[in-house]
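Q: Sequence and predicted model, in that order:
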Amino acid sequence: MKKLLSCAVVFSLICTSIACAQGVAGLSLPGFGGLPENVTVNPSVQVGFQRVGSNISLPVGAELQAGLLQVESLEISLKDANLWAGTAGATVKAGELLSFFASVGGSLNRPFVVSGEIPVRLGPIGRQPTIEFTSSKMGSWFAQGGVGLGPILLGLYGDHFAIEVNDPRRDSVPLDNQTLRGDVITTTLAPFIGFVVPASNGLFTIMYSPLAMSNTTLVLRTSSQDLAQVQYKWNKPGNLLSCSFQYNMAPVNSVSLALWGGYTWMDVRGNAELDFRNATSDVSRQKDVTATMTKYVLQGGVTAGINF
């Protein structure tokens with residue numbers, strides 16, 4: 001699996017390098033003689049609004065006496081957060097068949113609410129109260145790139161999502177311990193295959209990956225110190241599916257405008273490796289567990305591009 005992902009990374013970097021060489025320098029590459037006069041560069045910017053939801057079931061660890069590790073389930077739910085998002089990218093076309101594409105994007109930071117069922121145990125007595133947290137300091141971005149061969153797309157997708165959860169409460173009632181904080185960081189890497197289907201004044205695009213690899217890190221801390229850090233590495237890849245539609249309006253000179261909408265869904269579940277590290281010691285403890293993560297992004301907006 002590592003070799004496959006490494007090949008995908010190298011393949012994407014080669015594609016990006018070729019795109020830059022064709023678009024910026026306009027030089028003829030081996031095997032592409034006669035194509036430079038047919039090369040077109042289409043940079044574009046997308047601005048839109050997205051609705052995001054996610055459910056995560058993660059085993060969490062608590063260190064008991066004699067170095068034993070007790071594992072229970074932590075349920076975290078992000079309920080339909082609304083975010084402004086933007087994307088910048090470019091497509092380089094070499095004739096009718098070959099194209100290269102790359103884009104980066106992200107969401108604006110704004111507070112939203114997540115809820116979680118957090119295991120609490122006092123001796124033999126245990127319960128799973130539902131607690132709400134305010135999420136802030138969000139860092140959300142993605143990058144993708146690849147090559148198009150006619151209607152077929154091959155590429156690599158990666159994203160990073162990080163938030164700080166704080167202000168624990170039950171409904172609107174604050175908890176006594178207001179110093180509890182948590183950092184949640186999730187990264188995903190997925191090689192994908194896609195298809196572009198022309199429609200009247202627009203394009204349908206669908207991309208799929210059965211090789212979505214994702215890691216999650218959860219850090220619990222107070223205002224004074226870290227309490228524990230837990231990292232999850234799924235031992236099997238998940239699924240990533242993305243569908244989008246772009247409706248092109250009449251261009252004005254060399255500027256093109258379009259309306260777009262899309263839906264992205266990811267599901268990772270199964271065996272994972274839990275790495276638990278207590279803040280009071282440098283010793284880490286590992287355990288095989290079962291963890292799940294699903295998320296969706298429903299979004300839409302306006303695209304502006306330049307053709308030259």
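A: Happy to help now that I have it.

Q: can you confirm P191 is in a strand?
A: Yes: when DSSP: H, G, I helix; E, B strand; the rest coil is applied, P191 is found to be in a strand.

Q: Which residues does it form beta bridges with?
A: Beta-bridge partners of P191, counted by DSSP bridges, are L156.

Q: Same question for P198.
A: L203.

Q: again with L241
A: Beta-bridge pairing for L241 (DSSP bridges): Y208, W265.

Q: how close does it get to G194?
A: Remark: distance between L241 and G194 (Cβ to Cβ, to the nearest Å) = 10 Å. Using the backbone N, CA and C atoms, a C-beta is placed for each residue, glycine as well.

Q: name the element G270 belongs to?
A: If you go by DSSP states H and E, G270 is part of strand 255-278.

Q: follow-up on the earlier one: and L241 and G194? Which one has more around it.
A: G194 (20 against 17; other Cβ atoms under 10 Å).

Q: so who does the more buried one touch?
A: I152, L153, L154, G155, T205, I206, M207, Y208, S242 (Cβ atoms under 8 Å, 6 or more residues apart in numbering).

Q: Name the nearest residue to V230, sequence neighbours excluded.
A: L218 (4.7 Å; Cβ to Cβ, 6 or more residues apart in numbering).

Q: Residues in a beta bridge with the one you found, which ones?
A: Residues in a beta bridge with L218, per DSSP bridges, are V184, V230.

Q: how close does it sit to W141?
A: According to Cβ to Cβ, L218 and W141 sit 20 Å apart.

Q: higher neighbour count, the two?
A: L218 (20 against 15).

Q: How far does stretch 230-246 stretch from one end to the other?
A: One end of stretch 230-246 sits 41 Å from the other (Cα to Cα, to the nearest Å).

Q: now that stretch, how far from the centre of its chain.
A: With Cα atoms, centre = their mean, to the nearest Å as the basis, the distance from the averaged C-alpha position of stretch 230-246 to the chain average is 8 Å.

Q: So which bits of it are buried?
A: Neighbour counts over stretch 230-246 (16 or more other Cβ atoms under 10 Å) mark 230-232, 234, 237-242, 244-246 as buried.

Q: ok, these vs L259, which is closest?
A: L259 lies nearest to Q246 out of the buried residues of stretch 230-246, by Cβ to Cβ, at 7.3 Å.

Q: R285: how many residues sit nearby?
A: 16.

Q: pLDDT score for I118?
A: Listed pLDDT for I118 reads 68.

Q: circling back to that earlier point, which residues do L241 and G194 both contact?
A: The contact sets of L241 and G194 overlap at I206, M207, Y208 (Cβ under 8 Å, 6+ apart).

Q: Pick out whichever of those residues sits closest to Q50.
A: Among the shared contacts of L241 and G194, and counting by Cβ to Cβ, the member closest to Q50 is M207, at 16.8 Å.

Q: Tell me if I'm right that that closest one and S242 touch.
A: Yes: if you go by Cβ atoms under 8 Å, M207 and S242 touch, sitting 4.6 Å apart.

Q: Give me the distance from stretch 152-164 to the chain's centre.
A: Relative to the centre of its chain, stretch 152-164 is centred 5 Å away, using Cα atoms, centre = their mean.

Q: For Q299, which non-adjacent residue is closest in space?
A: Nearest non-adjacent residue to Q299, counting by Cβ to Cβ, 6+ apart: Q50, 3.6 Å away.

Q: So what are the sheet partners of the host helix or strand of the one you found and their directions?
A: In this assignment (DSSP H and E), Q50 forms part of strand 39-63. Sheet pairing of strand 39-63 (DSSP bridges) gives strand 69-94 (antiparallel), strand 284-306 (antiparallel).

Q: between that strand and strand 255-278, how many degrees?
A: Orientation of strand 39-63 against strand 255-278 (axes from the mean of the first three to the mean of the last three Cα atoms, to 10 degrees) gives an angle of 20 degrees.

Q: Which of the shared contacts of L241 and G194 lies at the shortest distance from T264?
A: For those, the minimum distance to T264 (Cβ to Cβ) is 8.8 Å, reached by M207.

Q: Now do the same for that closest one: its pLDDT.
A: Looking at M207, its pLDDT reads 97.

Q: what does A8 give?
A: 43.

Q: same check, this time on L108
A: We have a pLDDT of 89 for L108.

Q: so what's the closest residue to it other than its chain neighbours bridging to?
A: Spatially, and ignoring its direct neighbours in sequence, L108 is nearest to W84 (4.5 Å; Cβ to Cβ, 6+ apart). Judged by DSSP bridges, the bridge partners of W84 are F49.
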